[in-house]
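1. Have a look; sequence and predicted model below, questions after that.
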Amino acid sequence: QGQLEESGGGLAQAGGSLRLFCTASVRDFSRFAMAWFRQAPGKERELVATISWGGGGLYYADSVKGRFTISRDNSKDTLYLQMNNLLLEDTAVYYCAAGNSAGLLRNEYDFWGQGTQVTVSS
């Protein structure tokens with residue numbers, strides 16, 4: 001078993017930046033693929049970005065491509081999401097997830113955090 005905990009969310013203005021953190025207490029964090037998902041009110045949870053265990057295998061949703069960057073530091077058991085040029089539609093609860101492969105589907109991830117709220121205002 002393991003736990004993931006997100007932090008770094010909050011309120012930002014459109015065009016601004018936020019950096020999300022996901023600290024892990026899973027065994028052998030470096031062996032897990034990681035991902036960020038988000039869920040806006042009234043919408044399905046959607047994939048934002050993925051990263052493989054070694055830092056490759058990067059995937060970004062079209063809606064965040066060129067604005068968001070996923071990265072990880074295996075020495076610190078931490079996953080990051082740098083969010084730049086935020087848009088109103090980026091408002092959502094952001095979740096980190098860990099799985100055996102950097103898949104695109106929610107059910108490919110075994111461990112989830114509780115989420116952190118990101119609110120973008122005009």
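-> Looks like it came in fine. Numbering: from 1, shown residues only.
2. Can you list the residue ranges for strands in the protein?
-> Here the chain has its strands, by DSSP state E, at 4-7, 10-13, 18-24, 33-39, 46-51, 59-60, 68-73, 78-83, 92-99, 109-112, 116-121.
3. Redo the ones you listed as a markdown table? Include mean neighbour count and mean pLDDT.
-> Any C-beta I mention is one placed from the backbone N, CA and C, and that applies to glycine too. Formatted as a markdown table, the strands of the chain follow (neighbours: other Cβ atoms under 10 Å; pLDDT from 0 to 100):
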| stretch | mean neighbour count | mean pLDDT |
| --- | --- | --- |
| strand 4-7 | 18 | 96 |
| strand 10-13 | 13 | 97 |
| strand 18-24 | 20 | 97 |
| strand 33-39 | 23 | 97 |
| strand 46-51 | 21 | 98 |
| strand 59-60 | 16 | 97 |
| strand 68-73 | 18 | 97 |
| strand 78-83 | 22 | 98 |
| strand 92-99 | 23 | 97 |
| strand 109-112 | 18 | 94 |
| strand 116-121 | 17 | 98 |
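4. Please name the bridge partners of the residue most central in space within the chain.
-> For the chain, the residue nearest the mean C-alpha position is residue 36 (2.4 Å; Cα atoms, centre = their mean). Beta-bridge partners for residue 36, by DSSP bridges, are residue 49, residue 96.
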